[in-house]
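*Asks:* sequence first, then the predicted structure:
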Amino acid sequence: MTPFRIRILAATGAAMLAGVMLTQVSAVSAAAPVVRVPAPALDAPVASPQETAVLAGGCFWGVQGVYQRVKGVTSAVSGYTGGSARTAQYETVGGGDTGHAEAVRITYDPRIISYGRLLQIYFAVVADPTELNRQGPDTGTQYRSAIFPQNEAQRRVATAYVAQLGKTGLWNRPIVTKVERAQGFFPAEAYHQDYLTLHPDSPYIRINDLPKVAALRQAFPTFYRATPILVRARG
């Protein structure tokens, strides 16, 4: 994370109620960055009532904040993946040379929302797939756009979808999102969890992340839920 974000984190006060957060979302909804991407032509079969996806799309505050508000998602945890357990700490990952990406582990019910739909949301409102080793104001390999399939079916869907979107011409630059090999996922420190919901007045959140939540509500109304599934609420 940038020093700017560290200062925001240190200065932020107590948690805000979810209703206040939704008011903030409404205030920025006009600026919501929505890309109207098509659904995947290929999707993963329903193999069990609970599946896991791991996605990296810049700062995990916003990625987590979006998926916590997606129907069918039962958990969204911020963390690190791509490197070793030894280096899976915020201060170390911030150096940009650990192999880790800030990522979110999403547990979901594929009978309600498919893996392909999660990826569609990712490309539509979560990440800019044309930015290499950065997202918005955050730079470094730890902020790369990457998909970490958890099984062969997910790998096939993700690879095919990246290729499908690359032919659409929706972006003026090539897609650089990588489909990477799944590795261990290490939950981030407690103060990173539920950050968007707990700190809606943070300047970073207001500028960079609340518009993504507003975009989710605008582009995927049938999958949007106002009450997020929080990590802390699960203990």
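*Replies:* On my side now, so go ahead. Residues are numbered from 1 along each chain as shown.

*Asks:* do a quick rundown of the strands in the protein.
*Replies:* With strands called from DSSP state E, the chain shows them at 51-57, 73-81, 101-108, 134-135, 138-139, 145-148, 178-179, 185-187.

*Asks:* dump the C-alpha coordinates for the second one into PDB.
*Replies:* By that I understand strand 73-81. These are the backbone C-alpha positions of strand 73-81, laid out as PDB (Å, rounded to 0.1, in the frame of the first residue of the first chain):
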ATOM      1  CA  VAL A  73     -21.200 -15.100  -1.800                       C
ATOM      2  CA  THR A  74     -20.900 -16.500   1.800                       C
ATOM      3  CA  SER A  75     -17.500 -15.100   2.600                       C
ATOM      4  CA  ALA A  76     -14.900 -12.700   1.200                       C
ATOM      5  CA  VAL A  77     -11.500 -12.500   2.900                       C
ATOM      6  CA  SER A  78      -8.700 -10.200   2.100                       C
ATOM      7  CA  GLY A  79      -5.300 -11.700   2.000                       C
ATOM      8  CA  TYR A  80      -2.100 -12.500   0.100                       C
ATOM      9  CA  THR A  81      -1.300 -15.200  -2.600                       C
END
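
*Asks:* name the surrounding residues that touch it.
*Replies:* 50, 54, 56, 60-61, 63-64, 67-68, 88, 93, 98, 100-109, 113, 148, 182-188, 192-193, 195, 229, 231, 234 (Cβ atoms under 8 Å, 6 or more residues apart in numbering). Backbone N, C-alpha and C define where each C-beta goes, glycine included.

*Asks:* check which residues of it are buried.
*Replies:* Val73, Ser75, Ala76, Val77, Ser78, Gly79, Tyr80, Thr81 (16 or more other Cβ atoms under 10 Å).
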